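Participant: this is the structure alone, sequence omitted:
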């Protein structure tokens, strides 16, 4: 087997890793960082939130402006967490891009991969603690991403 130098011969120019919180596994992040470092590729982290994140202190009397403020706060909180995760790892040759999307997870992940023309998507298959969704949600999301993505999708189970 021939050794490949970073950026040589293989078309990996952009890596996207989809992370879930609060219990995101660090393995997809580590693998994505290693691939990005090896190939000198762009690195993108994405997290998808519900259309309207509802904090525990939410009151239905909130106005539309209040909902927009909640979304902005949620976006900023997640961006800070993504940056903290990336900073815990050795530096990359390119600055990572952090994205927070709102909506249906598989649709938003595929959309996030299209803009930078990701060559690979890496995502965690986390197990839900809810009995009715434990066997469906992570697999459905991964299946939908794999079917719609224009690149390979690597999934990692916890």
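Facilitator: Looks like it arrived, so ask away. As the structure is a prediction and not an experimental result, all values here were calculated from the model.
Participant: ok, the residue nearest to residue 11 when sequence neighbours are not counted - contacts?
Facilitator: Nearest residue to residue 11 in three dimensions, chain neighbours excluded: residue 119, at 6.0 Å (Cβ to Cβ, 6 or more residues apart in numbering). Bear in mind the C-beta positions are built from the backbone N, C-alpha and C, glycine included. Neighbour list for residue 119: 11, 12, 13, 14, 15, 41, 151, 152 [criterion: Cβ atoms under 8 Å, 6 or more residues apart in numbering].
Participant: among those residues, which lie within helices?
Facilitator: Among these, none falls in helices (DSSP state H).
Participant: highest neighbour count among those?
Facilitator: Tallying neighbours with other Cβ atoms under 10 Å puts residue 15 at the head of those, with 30 neighbours.
Participant: quick check: it touching residue 30?
Facilitator: No. Using Cβ atoms under 8 Å as the test, residue 15 is too far from residue 30 to be in contact (12.0 Å).
Participant: for residue 154, grab phi and psi.
Facilitator: Torsion angles at residue 154 (phi, psi; degrees, to the nearest 10) stand at phi -100, psi 120.
Participant: report the separation between the closest residue in space to it that isn't next to it in sequence and residue 68.
Facilitator: Nearest non-adjacent residue to residue 154, counting by Cβ to Cβ, 6+ apart: residue 122, 4.8 Å away. For residue 122, the distance to residue 68 equals 31 Å [Cβ to Cβ, to the nearest Å].
Participant: pairing partners for the helix or strand hosting the residue nearest to residue 154, with directions?
Facilitator: Following DSSP states H and E, the helix or strand that holds residue 122 is strand 120-125. Using DSSP bridges, the strands paired with strand 120-125 in its sheet are strand 14-18 (parallel), strand 153-157 (parallel).
Participant: could you redo those strands as CSV and give each row mean pLDDT and distance to residue 142?
Facilitator: CSV is the format used below for the strands paired with strand 120-125 (pLDDT from 0 to 100; distance: least, Cβ to Cβ, whole Å):
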stretch, mean pLDDT, distance to residue 142
strand 14-18, 93, 10
strand 153-157, 87, 5
